[in-house]
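Visitor: I'll drop the sequence and a predicted model, then ask my questions.
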Amino acid sequence: MASYFSPFADLENNEPLLRAHNDPVSAQPEPESPTQRPIKGIAILSLSFMLILSLMAIIYNGQPALLPVSLSSENTETASSEKVGPAVVSRGKKEGVSEKISRVGESGISFAWTNDMLRWQRSGFHFQPEKNWMNDPNGPLYYKGFYHLFYQYNPDSAVWGNITWGHAISTDLIHWKYLPISMKPDQWYDINGVWTGSATILPDGKIMMVYTGDTDKFVQVQNLAYPANLSDPLLLDWVKYPGNPVLTPPEGIGAKDFRDPTTAWVGPDGIWRLIIGSKTGTTGISLVYKTKDFKTYELESNLHAVPGTGMWECVDFYPVSITGQNGLDTSAYGSGMKHLLKASLDDNKQDHYALGTYDMTTQTWTPDNPDMDVGLGLRLDYGKYYASKTFFDQNKQRRILWGWVGETDTEADDLLKGWASLQTIPRVVTYDAKTGTNILQWPVKEVESLRTDSREYDNLLLQPGSIINLDIASGAQLDISAEFVVDQEALKLTVGDDVINNCSAAAVRQALGPFGLLVLADESLSELTPIYFYIAKASDGTVKNWFCTDQSRSSKASSVDKQIYGGPVPVLEGEKYSMRLLVDHSIIEAFGQGGRTCITSRIYPTKAINGNAKVFIFNNATDSSVTASVKIWELDSINLSPYIF
C-alpha cells in the first residue's frame with residue numbers, strides 16, 4: 001500500500017541540498033545522514049514546480065582531499081586524486097589520435113573520492129579488463145564454440161599508451177574469461193601501437209586479421225596477422241605476416257589519417273574488399289581496397305564521402321535484411337537488403353550511420369536520404385559511446401554490435417581507481433521495418449540469464465509534477481522495462497511551441513513532459529540521473545518526440561562530465577512510449593522505443609551507491625498526466641576472471 005504525504009516542509013528544512021545557491025550554508029559539506037522522513041512501500045511525492053526545479057537543477061561539488069590512501073585498503077577514508085605519482089603524458093597529436101580530456105573541478109582541485117566510491121564504480125556485468133586502460137573493440141568473431149573479443153589495452157597504466165591487444169572469450173557474450181595478450185607493439189610497423197583491426201573468416205576456415213599499426217615514424221599502416229594454430233579454439237597465438245605492412249597511406253592521404261580496416265567481403269567476382277577510414281581536408285572518406293590474398297592490395301575507389309565531417313575512424317559497412325530479423329553475412333549482396341555505412345567522427349567523438357544502397361559495380365554507396373547522410377543525421381548512440389564495431393555471428397545468425405564506453409572523469413581519477421573504460425553489452429542490430437528509416441539495437445538475449453528477483457508496477461498514475469519511489473532495495477544492477485501512456489486529451493489540447501530540440505534539463509517543465517525514470521538516485525534525491533521522454537508539439541499540430549538522459553545531478557563530484565544527452569525518437573501511432581534500461585553501477589544503457597534511439601551514460605555517484613542507489617518514476621509535465629507500467633529485474637554479476645588452463 002502506498003503512503004501519501006507532502007514532503008515540502010521536511011525536505012526544505014532538513015535537507016541542505018535544497019537551499020539556494022546564494023545561501024552561504026549551501027557551501028558547507030553535506031551531512032553524512034541528512035534527516036528525512038522514512039519512506040515505506042511506494043511513496044508518491046506530489047511536488048510543486050519549484051520543488052521539482054530544486055531537486056533536479058541544483059548541482060553541488062565535493063570538497064578537496066588531503067592525503068591519498070591505497071585502494072586495497074578496506075577502509076573508506078578519503079582517496080586523493082590530486083597526488084597520484086608523476087605527471088602522465090596523455091595520448092596526443094603526434095600519434096594522430098584523440099586525446100582524453102583531463103577535467104578538473106571548478107575549484108581546480110579534484111573531488112575527494114573515498115575508496116568505497118571508487119570501488120563501487122566498477123561494473124557488475126559489463127566487460128572491462130582486470131585493470132588499466134581499454135578502448136576500441138577489435139576483430140570480434142565466433143570460432144569453434146567461443147566468442148572472441150579483442151580490445152585495445154594498455155598493460156602498464158590506466159591511461160592511454162603502449163596499445164596492445166587484450167583478448168577475452170565467452171560462450172554466451174555475457175560471461176567472459178581473460179586470455180593472455182594476443183598482439184604486442186613489437187615491430188617497427190606497429191611499435192607505437194597495435195590499433196584497431198577486423199577479422200575476416202574465409203570459406204576454408206582461415207582467419208585474416210587486418211589491423212592498423214603506428215610505425216616508428218608515427219605513420220599509420222595496415223598489417224596482416226593470422227592464428228598460429230587454427231585447431232586451437234582459444235586462438236591464443238597470432239603470427240604477424242613477415243611482409244607487413246601490407247598497405248601504406250596512398251598519395252594525398254596524411255600519414256596520420258589512414259586507419260581502422262573493416263571486415264572484408266567477397267564479391268561475385270571472387271575478389272575480397274575492405275574499407276579504411278580517412279579524410280581529405282575536412283571531408284570524411286571511406287577508401288575501398290581489393291585483394292585476392294590479403295597480402296597485396298589495390299585501391300579501387302572511394303565508397304562514399306561527406307564534406308565537413310572530418311576524419312572517419314572505425315568505419316563499418318555491412319548488409320541489413322529488410323525482410324527478416326536474421327543478420328546477414330558481411331558478403332551478402334542482392335535484393336531484400338540495405339547496406340549500413342557507419343563512421344566514428346574523430347572531430348566530435350560520435351558514431352554516425354546511414355542506410356543506403358551499395359553498387360558493387362561502381363563500388364559506391366548512396367544514402368536513402370541525403371539530408372541524413374553519415375555524420376549529418378542518425379547516431380548509433382547519443383551518449384558516451386564511440387569506436388563501435390560489428391561482426392556476423394554465424395552461430396545464431398545475427399549481427400552483433402560492440403561499443404566502447406570511455407571515462408568522463410580525470411586521468412588522475414582513473415589512475416587512482418586503477419582502470420578506465422568499459423564495453424557496452426553486445427547489441428543485436430536489425431532493420432526497423434515500421435519506420436523504414438533506421439535500425440534497431442537491442443541487448444543480446446543472453447543478458448536475461450542474469451535476471452533474479454523482479455518487481456512489477458502496473459498502471460501507476462502520475463499527475464503533473466509527481467514522483468513515485470519504486471522502493472527497490474538496491475538499484476545498482478538492474479534491467480528495467482517501462483511503458484508510458486500520455487493523456488490523449490491533454491495532448492490534443494496542448495498548443496504547440498515549435499520547440500526543435502527538447503533534450504533540455506529534466507527540471508525544465510513543458511506541457512507534455514518530461515516523464516520517465518530516475519535511476520542511481522539516493523533517497524533524498526541529492527543525486528539522480530533522469531532518463532525521460534519529451535514531447536514537442538509544433539504550432540501546426542505535428543508532434544516530435546525526444547529521448548534523453550540528464551547527468552547534471554548524477555554526481556556531486558566536480559571534475560566529471562555532466563552532459564545532457566539525447567536525440568529524436570520516432571513514436572508511431574498506437575505505440576506506447578517505452579524504454580529499457582540496463583543499470584550497472586556507473587554505466588546506464590538506455591533503449592528508447594525498442595532500440596530506435598539509444599543513449600549510454602557514464603556517471604560517478606558519490607551518495608547513490610551500494611544500498612543507497614534507488615529508482616523513482618516521475619512526470620514533470622505541467623499539463624498532462626501519464627500512466628506507467630514498470631518491471632524491474634535485479635541482475636547478477638558475471639565475475640570476470642582469467643581463463644584457467
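Guide: Thanks, I have it. Remember, it's a predicted structure, so these values are computed and weren't measured experimentally.
Visitor: how many residues are close by the closest residue to Gly406 other than its chain neighbours?
Guide: Among residues not flanking Gly406 along the chain, Ser421 sits closest, at 5.2 Å (Cβ to Cβ, 6 or more residues apart in numbering). In short, each C-beta sits where N, CA and C put it, glycine included. If you count neighbours by other Cβ atoms under 10 Å, Ser421 ends up with 23.
Visitor: Ser421 and Pro137: what is the separation?
Guide: 11 Å (Cβ to Cβ, to the nearest Å).
Visitor: can you check Ile169 too?
Guide: 14 Å.
Visitor: the two: which has the busier surroundings?
Guide: Pro137 (25 against 20).
Visitor: convert the C-alpha atoms of the host helix or strand of the more buried one to CSV, please.
Guide: Take DSSP states H and E as the rule and Pro137 turns out to sit in strand 132-143. Extracted as CSV, the C-alpha positions of strand 132-143 are listed here (Å, rounded to 0.1, in the frame of the first residue of the first chain):
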residue,chain,number,x,y,z
ASN,A,132,44.3,-0.4,-16.6
TRP,A,133,43.2,1.3,-19.8
MET,A,134,40.9,-0.1,-22.5
ASN,A,135,39.5,1.4,-25.7
ASP,A,136,38.2,0.2,-29.1
PRO,A,137,36.8,-3.3,-29.6
ASN,A,138,38.8,-5.2,-32.2
GLY,A,139,38.2,-8.1,-34.6
PRO,A,140,35.2,-9.8,-32.7
LEU,A,141,34.3,-13.2,-34.1
TYR,A,142,32.8,-16.6,-33.2
TYR,A,143,35.1,-19.6,-33.6
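Visitor: do I have it right that the residue nearest to Gly406 meets Met134?
Guide: Yes - the pair Ser421 and Met134 passes the contact test of Cβ atoms under 8 Å, sitting 4.5 Å apart.
Visitor: between these two, what contacts are shared?
Guide: Shared contacts of Ser421 and Met134, defined by Cβ atoms under 8 Å, 6 or more residues apart in numbering, are found at 128, 404.
Visitor: quick one, what contacts Lys562?
Guide: Contacts of Lys562 by Cβ under 8 Å, 6+ apart are 59, 551-555.
Visitor: rerun at 10 Å
Guide: Shown in contact with Lys562 (Cβ atoms under 10 Å, 6 or more residues apart in numbering): 59, 408, 529, 550-555, 603-604.
Visitor: now list the buried members of the residues you listed.
Guide: The neighbour-count test (16 or more other Cβ atoms under 10 Å) marks 408, 529, 550-555, 603-604 as buried among the contacts of Lys562.
Visitor: now distance to Ala433, pLDDT and secondary structure too, for the residues you listed, in JSON lines please.
Guide: Shown next, in JSON lines, are those (distance: Cβ to Cβ, whole Å; pLDDT from 0 to 100; DSSP: H, G, I helix; E, B strand; the rest coil):
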{"residue": "Thr408", "distance to Ala433": "35", "pLDDT": "93", "secondary structure": "coil"}
{"residue": "Thr529", "distance to Ala433": "32", "pLDDT": "97", "secondary structure": "strand"}
{"residue": "Asp550", "distance to Ala433": "32", "pLDDT": "96", "secondary structure": "strand"}
{"residue": "Gln551", "distance to Ala433": "33", "pLDDT": "96", "secondary structure": "coil"}
{"residue": "Ser552", "distance to Ala433": "36", "pLDDT": "95", "secondary structure": "coil"}
{"residue": "Arg553", "distance to Ala433": "38", "pLDDT": "96", "secondary structure": "coil"}
{"residue": "Ser554", "distance to Ala433": "35", "pLDDT": "96", "secondary structure": "coil"}
{"residue": "Ser555", "distance to Ala433": "40", "pLDDT": "96", "secondary structure": "coil"}
{"residue": "Ile603", "distance to Ala433": "34", "pLDDT": "95", "secondary structure": "coil"}
{"residue": "Tyr604", "distance to Ala433": "39", "pLDDT": "96", "secondary structure": "coil"}
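Visitor: got any ranges where this protein has weak pLDDT?
Guide: Applying pLDDT under 70 to the chain picks out residues 1-94, 96-109, 497-498, 500-501.
Visitor: sorry, back to before: beyond the strand holding Pro137, next helix or strand please.
Guide: strand 146-154.
Visitor: partners of that next one, with directions?
Guide: Each strand paired with strand 146-154, and its direction, by DSSP bridges: strand 132-143 (antiparallel), strand 164-170 (antiparallel).
Visitor: using CSV, write out every CA atom in that strand.
Guide: Presented in CSV, the C-alpha positions along strand 146-154 are these (Å, rounded to 0.1, in the frame of the first residue of the first chain):
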residue,chain,number,x,y,z
PHE,A,146,33.8,-19.4,-28.4
TYR,A,147,33.1,-15.7,-28.9
HIS,A,148,36.3,-13.8,-29.1
LEU,A,149,36.7,-10.1,-28.1
PHE,A,150,39.9,-8.4,-28.8
TYR,A,151,40.4,-4.9,-27.4
GLN,A,152,43.0,-2.1,-27.3
TYR,A,153,44.7,-2.3,-24.0
ASN,A,154,47.5,-0.6,-22.0
